[in-house]
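>>> fold the stuff below for me.
(2 chains)
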Amino acid sequence: MAENQKQDQDRKMLRIRINDQDLTVPEGITILEAAHGIGVKIPTLCHLDLHDLQLHNKTASCRVCMVEVGDAIRNKLVPACVTKAYDGMVVRTDTLRAITARRMAVELLLSNHPNECFTCPKNLECELQALADELNVREIRWEGERMDYPKDLSSDAIVKDSNKCIYCRRCETACNVVQTCGILSGIGRGFDAFVGPFFNIPMVETSCTYCGQCVQVCPTAALTEAYHVDKVWEALNDPDKHVVVQTAPAIRVALGELFGMEPGTIVTGKMVTALKRMGFDAVFDTDFGADLTIMEEAAELIYRIKNNKTLPILTNCCPAWVKFIEHQFPELLHVPSTCKSPHIMFGTIAKTYYAEKKGLDPDNIVVVSVMPCIAKKAEAKRPELTKDENNNVDIVITTRELGAMVKEAGIEFDRLPDSEFDRPLGEATGASVIFGTAGGVIEAAVRTAYEWMTGETLENVEFEQLRGMEGVRKAAVRIGDQELKIGIASGLGNARVILEEIREGKADYHAIEIMACPGGCIGGGGQPYHHGNDEIIKKRREAIYQEDRRKKIRKSHENPEILELYRKYLGEPFGEKAHQLLHTHFEKRERI
Amino acid sequence: MEILLKDNVAKDGEYMTEPQAISVTAPAAEDLPKEKFDELEAFIDSMETTKGALIAILHKAQDIFGYLPRDVQLYIARKLGIPGAEVFGVVSFYSYFTTKPGGKHTLSVCMGTACFVRGADKVIERLKEKLNVESNETTEDGLFTLKDVRCIGACGLAPVVMVDDKVYGRVREEDVDDIIREYRSQEGQQ
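Okay, the predicted model is just below:
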C-alpha cells in the first residue's frame, strides 16, 4: 500500500465530483475506485480485482456498474469499473437513469437464467441473486432464450452447469491468466454463449488441475464442486462402518466464516466437537499426516543432497499442482518428491497401522477428509492411490460442505464447547499447522532438515524469509556450513515461472514448495467463498501462524505419536516400509 | 552436488519422458491425411509471426480440410503454443467456421439487412423445410450444407442465395425448389 501511495504522489492529480462530493484523485483511477474511497458503493458483478492473488478481471461485460457522467445538458451512461476519471468529471451514481440501467442489466441477465434458486448449490451465496436483491429487481419483464446444456458431472471434483453461466469471464481469467492452465474459454455467441473447455469436451478429458480457483470466483453456480455430503451421512448411518474424519490445517481458520464469525477466527476446538456430535467414530487431524510427510520429505531431501541425486526437490502435497506438472511439464516428472500428500498418507496409516492397533477390518473403515480443496476429491480417486483393496481415502468434502453438514445436523456452531482431537492420529505439531499457507510446507521441512543435518537444536523455528504473500519467493537458509536455497511459488502461473527456470537449467534451488492456489490452501477452491475480498485470505494466514505459535511442539520430528508410529510400525523414515506405504508415482498426461 | 541442468535431465534417462509431442498428425480419418497437415504446417511456418494470426490460420485450415475438426484445432493450438480452448473459442464464435464436414454444395442465404427485409427469412425457412435440415447442417445425402450468412455485398439483388460461388438474385420463396432441383439433376446426370 505504501508503494501505491508513493506512486500516487508522482501522478497527476485530478479534481472530480461524485454525487456532489468534490474529491481529488490520482490520474489513472477508475470511477469505481474513486467512489469506493468516499463510501459510495457502485454494484459490480463481472469486475474482480484481487490484488494479492494477482487476479484482475476487467471485461466490463455485465454492465451492472453503469453510472451517469456529464452535466445537465449532456449526460452519458458509462461502466464505472473501466472508465477512468478525468479532470472536471462530474459523476452521479444515483440518478433514475443510472439506477434503471443497472437494474435492467440484472433483469436481462435473469431473463434467461434458470429459475431454481431454491435448489441451487449457490443459494444465498450467489452474487447474481444478491445483486437482484440489492438493486430491487422485483419483476423480470422479458423471457430470454434459455440454454439447455447438460450438466457436466464427468469429473469427481468440478461440476459445470453452463446454463448458469452469465459470461462474466472471471473463471477464464483465473484459469488462463492466474493459473495459466488455459482450460476455459468463451464459447459460441449470443444467447448460447458460455464459458467452457476445448470442443466443450467433458472436464475429465481436459488437463484441468481441479484447483477450483474458477469455482472460487464464479458468481453463480456455473462452476461448483462435486457434492459428497450425502455419502458421508450414509457412512455415518451405517452401523458396520468405523468412520474416521481428518481435517486439513486450513479448515480451522476458515470454517467459522460460514457461521458468521470474523475471518481468521480459529475454531479448531469447536470443529472437533461438531464432528464428534455428528457421529464420527474418531476425529483426527490431517496435520498428523503433514508431520509424517515432513519426516519423509526431509529424509528424501537429505538423501538427494547426500547422494548427488536430482535437485531441486519439489514438494507435492498439492494434488492440483501434481496434475499441472503431469499435463504441462511431463518431462520434469522426476523432480517432485515421491511422497504421497498428507491426507492420503493419513488414509493409508488409518487403514493399516490404526486398523491393526484397534483390531479393525480395514474394509470397514471409512476415511473422510475435510479439505480446503476441490482437487483432493479427484486425487482420492487416482488409480495408483486406490490400488489396494481399500481406498486410502474414501470421501473428500470441502470446508463449505462441512459447514453445510454442521447446519444440516442442527448444530449451533458458535455455541459449541472446545474439544481435543482423538489419539493416536490426532497429535500434531506447529510445523504441520503451517502447511495451510504458502511457504509453510517448506518451513516445516527446514525445521526438521536443520536438526537432522546439523545435529543441533533449532532455537528459533520461525523463518521469516520463507513467509510472504508474493507469488514467487526466493530465500536462503543457512544450515551448518551449507546454504539451502529455497523457492516458493503459490498460484500455478508462478509455478510455471519456476518450472521453466528448472527446464532451462537456470534454477539452482535445493528445494521448492509449490501450491496451486494463490496464498496456499487458505485460499483453496473449497474454502468459504471470499466474494472478491482478499483481506479474508490474509486473516486466515495470520491465524495459521498464530495456531503454530500456540503449539508446544513445533517440529514434526518431535511429534511423539509420529515417533511411535516409526518405532512400532514403519521403521526408518524413507525406508523400505515407508516407501511401500507412503510414496507414489506420477504419470505423463496430455495437454488439452 | 548435482543441480538440475538441462544436460542432466537428458542423462537421467530412466525418468525421462518426451516433451509434449504433437500427436494428432497421425492420420485418424481418411479426410485428415498427413499431406493436409503438412500443407497447413508449411503455411504457418511461412508466417513472419503467428501472433494475432489465429483467424488467418483457421481460414487456411478450413480451406485445406473443408472444415475444422477437433484434431485440426488441437494441432493449430499446439503449433502456436496456445490453449485449445482459445482456438475453439474463436472457431465457435464465427459462423463462417464449421466443425463438421460440409456437403458437396453450400447453400448460403444472405441474412443481411437488405436481404432480410426483402424476405430472406422466408427463403431460408423454405430451404430448411425442403432439405429437412437446420442452419449449418448437411443433408442426409451429403449434397447440400445450408448456411445463414451475413451480408455478402450484393444488396441490389436482395434477397440473395449463393450456391458455392454462384449467386442467385431476387430469389422468391417458390424459386427455392428450382434451385434445389437444378443441383439434384446435375447429380443424377453424373
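>>> all strands for chain B, in order.
B:105-110, B:137-138, B:144-149, B:161-163, B:166-168 (DSSP state E).
>>> let's have those in JSON lines, adding distance to A:K241, mean neighbour count and mean pLDDT.
C-betas here are computed from N, CA, C, even on glycine. Converted to JSON lines, the strands of chain B look like this (distance: least, C-beta to C-beta, whole Å; neighbours: other C-beta atoms under 10 Å in any protein chain shown; pLDDT from 0 to 100):
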{"stretch": "strand B:105-110", "distance to A:K241": "62", "mean neighbour count": "23", "mean pLDDT": "93"}
{"stretch": "strand B:137-138", "distance to A:K241": "53", "mean neighbour count": "18", "mean pLDDT": "88"}
{"stretch": "strand B:144-149", "distance to A:K241": "58", "mean neighbour count": "21", "mean pLDDT": "92"}
{"stretch": "strand B:161-163", "distance to A:K241": "68", "mean neighbour count": "19", "mean pLDDT": "95"}
{"stretch": "strand B:166-168", "distance to A:K241": "73", "mean neighbour count": "15", "mean pLDDT": "94"}
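>>> out of those, flag the one nearest A:V40.
Smallest distance to A:V40 across the strands of chain B (C-beta to C-beta): 46.3 Å, for strand B:144-149.
>>> which residues of chain B fall in helices?
Along chain B, the segments classed as helices by DSSP state H run B:6-11, B:34-45, B:54-65, B:70-80, B:84-93, B:113-115, B:121-131, B:175-189.
>>> those: which one's closest to A:I201?
helix B:70-80 (8.3 Å).
>>> hang on, the earlier thing: next, format the strands of chain B as JSON lines and append distance to A:A378.
Converted to JSON lines, the strands of chain B look like this (distance: least, C-beta to C-beta, whole Å):
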{"stretch": "strand B:105-110", "distance to A:A378": "43"}
{"stretch": "strand B:137-138", "distance to A:A378": "37"}
{"stretch": "strand B:144-149", "distance to A:A378": "40"}
{"stretch": "strand B:161-163", "distance to A:A378": "49"}
{"stretch": "strand B:166-168", "distance to A:A378": "54"}
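>>> before we move on, back to that, out of the helices of chain B, nearest to A:I395?
Nearest to A:I395, of these and by C-beta to C-beta, is helix B:84-93 at 30.7 Å.
>>> per-residue confidence averaged over that closest one?
Taken as a whole, helix B:84-93 has a mean pLDDT of 95.
>>> now for the nearest residue to A:R170 once chain neighbours are set aside: which residues touch it?
Once flanking residues are discounted, A:R170 sits nearest to A:V217: 4.3 Å by C-beta to C-beta, 6 or more residues apart in numbering or on different chains. By C-beta atoms under 8 Å, 6 or more residues apart in numbering or on different chains, A:V217 lies in contact with A:L48, A:L55, A:N57, A:R170, A:C171, A:T173, A:A174, A:G532.
>>> looking at the residues you listed, which are in strands?
A:L48, A:L55, A:N57.
>>> and the residue of chain B found nearest chain A, how many neighbours?
Nearest to chain A in chain B, going by C-beta to the nearest C-beta, is B:P83, at a distance of 2.7 Å. Neighbouring residues of B:P83 were enumerated by other C-beta atoms under 10 Å in any protein chain shown; the total is 25.
>>> touching, it and A:N176? I think so.
Yes - with contact defined as C-beta atoms under 8 Å, B:P83 counts as touching A:N176 (6.8 Å).
>>> tell me, what's touching those two both at once?
A:G182, A:I183, A:S185.
>>> need the contact list for the second one.
Under the criterion of C-beta under 8 Å, 6+ apart, the contact list for A:I183 reads A:C175, A:N176, A:P197, A:F198, A:M203, A:T206, A:S207, A:C208, B:P83, B:A85.
>>> ends of stretch A:161-169, what's the gap?
15 Å (C-alpha to C-alpha, to the nearest Å).
>>> determine how far that stretch lies from the middle of the whole chain.
Stretch A:161-169 sits 21 Å away from the centroid of its parent chain (C-alpha atoms, centre = their mean, to the nearest Å).
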